[in-house]
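Chemist: Below are the sequence and a predicted model for it; my questions follow.
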Amino acid sequence: MRVRETEITMGVKNESTIQEFILEAFPAVQHLGNLLFLVHLLAYLASIVGNMVIIIITWADHRLQTPMYVLLSAFSFCECCFITTVISKLLSIFLSGRQAIAFTVCLTQAFFFLFFGAVIFFLMAVMSLDRYLAICKPLHYASIMNLRVSFLLIFFCYVLSFIFFTGLMLRVSQLLFCGPNIISHFFCDLGSLIHLSCSDTRSVEIHFFCLTSFVILLPLVITFVVYSNILATVLRLPSAKERQKAFSTCSSHLIVLSLMYGSCVFIYLKPKQVNRLDSNREAALVNTVVTPLLNPVIYTLRNKQVHQALRDTLSRVRLQK
């Protein structure tokens, strides 16, 4: 009996011969590949340029070298990495039609997607706390939040995300994949990947669900508590001008939060990944392409300090020429 079980186990391992996966992407509009390539390339370049502008002016202008803008520049850097992780392969699919992706490359893409996504969520929570201290504890803000604390918090966000998803990806890499190998997505979404495994994936699915729930819900709870306190503090301000100024400093952050959580809650906060893959693609496209494109605009549109720093930087560049 033991010999028979060993033969069956060896047979299953021998069947795990998948060396690459096929990304289905958007089959309904695949014939518009060149047009979609151009649209997504422009969106990608606009997102990279917008976020890089925030990073450059933050470090080029000493007036913006404060905890708030250091956190914002770290957030912009993660956005650049996040969108690059996903859209590079999508552009290749639209341009060349090659939908195959190697097994190791697929796992790598899935890891960095989750890693940078988690860092972004943790940074959003940290940025919320920064706004809370600035508005609700203005007298203690300078003693609590400084550049050193900001860098430590950013480092903590990276380390926590790395620890969380390294363990999960090691478990996924040990699963057996016997076929089929078609991923119903435009990138290596981990939920879709787990669904293709011929192993018993219940514990991995629970692990994945618990991690994504924690990464999404913990910053959400922190942000909700923080902004409830901010709202209560702002409403007690005697001057309407002070209230308007306080609200304006938080409005951009709240808009970005709404965009991020709207798509991510829809995608990840359900235990089962089956029967909702088509709708996931549209929500994921908003999360991975549209949101990183809009974030630089949202954060700089009503920010007078950024406008002034950008004008001063451009003036210095012209003078140097």
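Modeler: Perfect, thanks for sending it. Numbering: from 1, shown residues only.

Chemist: which other helices and strands contact the helix or strand where residue 170 lies?
Modeler: Here residue 170 sits within helix 147-173, counting by DSSP states H and E. Using 3 or more CB pairs under 8 Å, 6 or more residues apart in numbering; DSSP states H and E as the contact criterion, the secondary-structure elements in contact with helix 147-173 are helix 67-96, helix 103-136, helix 190-195, helix 202-235. All C-beta atoms are positioned from the backbone trio N, CA, C, and that covers glycine.

Chemist: Taking helix 147-173 as reference, get the angle to the last one.
Modeler: Angle of helix 202-235 versus helix 147-173, following axes from the mean of the first three to the mean of the last three CA atoms, to 10 degrees, is 160 degrees.

Chemist: picking up where we left off before, so how far is the helix or strand following the helix holding residue 170 from its chain's centroid?
Modeler: For helix 147-173, the succeeding helix or strand toward the C-terminus, using DSSP H and E, is strand 182-183. Here the centre of strand 182-183 is set off from its chain's centre by 22 Å, with CA atoms, centre = their mean, to the nearest Å.

Chemist: Adjacent strands (with direction) for strand 182-183?
Modeler: For strand 182-183, sheet partners with direction are given as strand 20-23 (parallel), following DSSP bridges.

Chemist: What mean pLDDT does the strand it pairs with get?
Modeler: When pLDDT is averaged along strand 20-23, the result is 88.

Chemist: Near residue 46, how many other residues are there?
Modeler: 15 (other CB atoms under 10 Å).

Chemist: give me every residue that touches it.
Modeler: Residue 46 sits next to residue 293 when contact means CB atoms under 8 Å, 6 or more residues apart in numbering.

Chemist: So the spatially most central residue of the chain versus residue 78, what's the distance?
Modeler: Nearest to the geometric centre of the chain sits residue 117, at 2.8 Å (CA atoms, centre = their mean). Distance, residue 117 to residue 78, using CB to CB, to the nearest Å: 9 Å.

Chemist: what do you get for residue 189?
Modeler: For residue 189, the distance to residue 78 (CB to CB) stands at 19 Å.

Chemist: Not counting residues beside it along the chain, what's closest to residue 295?
Modeler: Once its chain neighbours are removed from consideration, residue 295 has its nearest residue in residue 256; the separation is 5.5 Å (CB to CB, 6 or more residues apart in numbering).

Chemist: thinking that neighbour is in contact with residue 299, fair?
Modeler: Yes - taking CB atoms under 8 Å as the definition, residue 256 is a contact partner of residue 299 at 7.2 Å.

Chemist: Pull up the distance across stretch 94-114, start to finish.
Modeler: Distances were taken as CA to CA, to the nearest Å; on that basis the terminal residues of stretch 94-114 are 23 Å apart.

Chemist: chain center to that stretch, what's the gap?
Modeler: 17 Å.

Chemist: Name the residues of it that come out as buried.
Modeler: If you call a residue buried by 16 or more other CB atoms under 10 Å, then stretch 94-114 has these buried ones: 94, 99, 101, 103, 106-107, 109-114.

Chemist: again with stretch 138-156
Modeler: The neighbour-count criterion (16+ other CB under 10 Å) identifies 141, 145, 150, 153-154 as the buried residues of stretch 138-156.

Chemist: now, which of those residues sits nearest residue 50?
Modeler: Top of the list for closeness to residue 50, among the buried residues of stretch 138-156 and by CB to CB, is residue 154 at 20.1 Å.

Chemist: okay, that closest one: pLDDT?
Modeler: With respect to pLDDT, residue 154 has a value of 96.

Chemist: so where's the stretch 151-300 of the chain shaky on pLDDT?
Modeler: Applying pLDDT under 70 to the stretch 151-300 of the chain flags the ranges 242, 245-249, 253, 263, 265-280, 282.

Chemist: One more pass at 80, please.
Modeler: Within the stretch 151-300 of the chain, the set of residues satisfying pLDDT under 80 comprises 179, 236-287, 290-291, 294-300.

Chemist: hang on, the earlier thing: next, show the common contact partners of residue 256 and residue 299.
Modeler: Overlap between the contact sets of residue 256 and residue 299, as judged by CB under 8 Å, 6+ apart, is nil.

Chemist: okay, now residue 299: neighbour count?
Modeler: 21.

Chemist: a helix runs through it, doesn't it?
Modeler: Yes - assigned with DSSP: H, G, I helix; E, B strand; the rest coil, residue 299 falls within a helix.

Chemist: quick one: contacts for it?
Modeler: 54, 72, 252, 256, 306.

Chemist: OK, contacts around the second one?
Modeler: So that's residue 72. Taking CB under 8 Å, 6+ apart as the contact definition, residue 72 lies against 54, 58, 127, 299.

Chemist: try the first one
Modeler: By CB under 8 Å, 6+ apart, residue 54 lies in contact with 72-73, 76, 296, 299-300, 306.

Chemist: For burial, what's the neighbour tally of the closest residue to it other than its chain neighbours?
Modeler: On the basis of CB to CB, 6+ apart, the spatially nearest residue to residue 54 that is not a chain neighbour turns out to be residue 76, at 4.4 Å. Summarising burial for residue 76: neighbours were counted as other CB under 10 Å, giving 24.
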